[in-house]
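**Q** sequence-free structure coming up:
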């Protein structure tokens with residue numbers, strides 16, 4: 001297994017950019033873009049390899065792996081007292097627990113906005129550099 005296999009690589013169509021965009025969350029900023037999905041994936045894999053080389057050359061530890069990651073199904077979100085109150089009252093109005101109500105809102109938003117994902121672009125094919 002190559003080190004790069006530890007990182008999730010995503011290629012998806014961007015309506016905003018009208019092209020395919022490849023990203024590797026957690027490892028590199030920006031993305032690779034183009035009209036050919038397969039070519040974008042190839043370039044993304046190469047960029048991931050380059051990022052790993054940069055980390056190794058700098059003697060920096062690699063970020064935590066993102067591929068085959070396990071998720072517990074729970075997380076804590078701090079929303080502030082005012083929003084907490086609004087959500088709790090809205091949940092009561094709908095006859096739901098606060099947890100069920102928030103889950104419903106998240107799923108509904110994900111379903112409606114799933115195609116409107118924002119992606120970051122980088123221009124050119126210059127060697128990647130990390131922000132310090």
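**A** Nice, I can see it. Worth saying up front: this structure is predicted, and the values here are computed from it rather than measured.
**Q** for this structure, just list every one of the helices.
**A** Under the criterion DSSP state H, helices of the chain are mapped to 37-58, 81-93, 98-113.
**Q** for the most centrally placed residue in the chain, what are its contacts?
**A** With distances taken as C-alpha atoms, centre = their mean, the chain has residue 25 as the residue nearest its mean C-alpha position (5.0 Å). Going by C-beta atoms under 8 Å, 6 or more residues apart in numbering, residue 25 touches 8, 10, 66. Where C-beta positions appear, they are placed from N, C-alpha and C, glycine not excepted.
**Q** please redo it, this time with the cut-off set to 10 Å
**A** Contact analysis of residue 25 by C-beta atoms under 10 Å, 6 or more residues apart in numbering lists 7, 8, 9, 10, 31, 63, 66.
**Q** dump those to TSV, plus distance to residue 77, neighbour count and pLDDT.
**A** As requested, those are exported to TSV (distance: C-beta to C-beta, whole Å; neighbours: other C-beta atoms under 10 Å; pLDDT from 0 to 100):
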residue	distance to residue 77	neighbour count	pLDDT
7	26	22	95
8	22	15	95
9	27	19	96
10	23	15	95
31	26	24	87
63	23	15	94
66	21	15	92
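**Q** adding mean pLDDT, write the helices of the chain out as CSV.
**A** Below are the helices of the chain laid out as CSV (pLDDT from 0 to 100):
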stretch, mean pLDDT
helix 37-58, 96
helix 81-93, 94
helix 98-113, 86
